[in-house]
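>>> the following block contains a protein sequence and its predicted model.
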Amino acid sequence: MTSLPTPLVLIGPMAAGKSHLGHHFAKRYGLDFVDADHVIEAQHGPIPALFTAHGQQHFRDIEAGVVADLLADNRYWNAVISLGGGAPMTPAVQELLAGHTVIYLEVDEVTVRPRITGNRTRPMLQPDPERRWREILDERRDTYERLATIRLDGTGHRRIGSLVQQLHKALTEQRRDATA
Ligand SMILES: Nc1ncnc2c1ncn2[C@@H]1O[C@H](COP(=O)(O)OP(=O)(O)OP(=O)(O)O)[C@@H](O)[C@H]1O
Ligand SMILES: O=C(O)C1=C[C@@H](O)[C@@H](O)[C@H](O)C1
Ligand SMILES: [Mg+2]
């Protein structure tokens with residue numbers, strides 16, 4: 001049994017490092033890790049193809065269903081769950097997140113730029129990844145902040161081990177504050 005308030009749900013913009021952090025945190029603390037984007041792709045095929053064939057709304061409906069299934073599935077109650085960048089914008093997902101530990105991995109444009117420059121596969125970032133990333137974060141920032149129970153600074157070139165430690169410290173402090 002873990003003393004961590006699982007499941008831990010990671011949210012934040014595209015390429016923030018949610019999957020990277022989720023994988024490493026889960027490994028360090030003996031939790032499972034599941035990535036909602038990967039589950040969607042396993043069930044429905046590549047995300048870019050879903051956008052092309054059926055449009056964004058169809059993708060959002062599938063995404064909300066997958067998030068609902070993951071949060072209801074007791075196999076993931078001891079897991080770190082990474083959500084796609086746009087999932088928290090869907091009202092049904094916002095309702096599902098209530099009462100959960102929601103970690104917003106905050107990054108800036110400078111941190112993310114090398115991870116997205118020239119990207120031609122992410123549907124939401126076309127045709128100009130850097131400009132679109134900025135615009136989308138401006139639209140989503142308030143929602144990320146509102147849903148978060150923990151905000152984690154993922155800016156700069158921090159080593160993953162240090163981010164993992166920082167998250168563990170924030171979770172421990174949150175628990176202490178809740179029981180004080
Ligand atoms: N702390 C970090 N230091 C260096 N590179 C990182 C770090 N975190 C993530 N990366 C790299 O940045 C890229 C994006 O990371 P990741 O896939 O984890 O982001 P994400 O938030 O899950 O994005 P999305 O779900 O939108 O695809 C990956 O190539 C990853 O290896
Ligand atoms: O931010 C977004 O809207 C997205 C982020 C990715 O994780 C994928 O879920 C998809 O490419 C859409
Ligand atoms: Mg990811």
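That came in fine, so what should we check first? These figures come from a predicted structure and were not determined experimentally. Ligands and ions are numbered 1, 2, ... in the order given.

>>> output the set of residues of the chain in proximity to ligand 3.
Contacts of the chain with ligand 3, taken as C-beta under 5 Å from the ion, map to 18-19. C-beta coordinates here come from the backbone N, C-alpha and C atoms, glycine included.

>>> would you mind listing what in the chain touches ligand 2?
With the criterion set to C-beta under 6 Å from any ligand atom, the chain comes near ligand 2 through 14, 37, 47, 84-86, 122-124.

>>> which ones, among those, also lie beside ligand 1?
Restricting the residues of the chain next to ligand 2 to contacts with ligand 1 (C-beta under 6 Å from any ligand atom) yields 14, 37, 84-85.

>>> in TSV: these, plus distance to Ala178.
Formatted as TSV, those follow (distance: C-beta to C-beta, whole Å):
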residue	distance to Ala178
Met14	31
Asp37	30
Gly84	28
Gly85	28
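
>>> and the residues of the chain next to ligand 2 as TSV, adding neighbour count and pLDDT?
Putting the residues of the chain next to ligand 2 into TSV (neighbours: other C-beta atoms under 10 Å; pLDDT from 0 to 100) gives the following:
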residue	neighbour count	pLDDT
Met14	22	97
Asp37	17	97
Ile47	20	96
Gly84	24	97
Gly85	23	97
Gly86	19	98
Arg122	17	94
Pro123	14	93
Met124	18	94
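
>>> where does this protein have low pLDDT?
Applying pLDDT under 70 to the chain flags residues 1-2.

>>> send the alpha carbons of stretch 103-114 over as PDB?
Presented in PDB, the C-alpha positions along stretch 103-114 are these (Å, rounded to 0.1, in the frame of the first residue of the first chain):
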ATOM      1  CA  ILE A 103      -1.100  17.900 -10.600                       C
ATOM      2  CA  TYR A 104      -0.600  20.700 -13.100                       C
ATOM      3  CA  LEU A 105       2.900  20.500 -14.600                       C
ATOM      4  CA  GLU A 106       3.600  24.200 -15.500                       C
ATOM      5  CA  VAL A 107       6.100  25.000 -18.200                       C
ATOM      6  CA  ASP A 108       6.900  28.000 -20.400                       C
ATOM      7  CA  GLU A 109       7.500  28.500 -24.000                       C
ATOM      8  CA  VAL A 110      11.300  28.400 -23.700                       C
ATOM      9  CA  THR A 111      11.300  25.000 -22.000                       C
ATOM     10  CA  VAL A 112       9.000  23.500 -24.500                       C
ATOM     11  CA  ARG A 113      10.300  25.100 -27.700                       C
ATOM     12  CA  PRO A 114      13.000  22.400 -28.500                       C
END
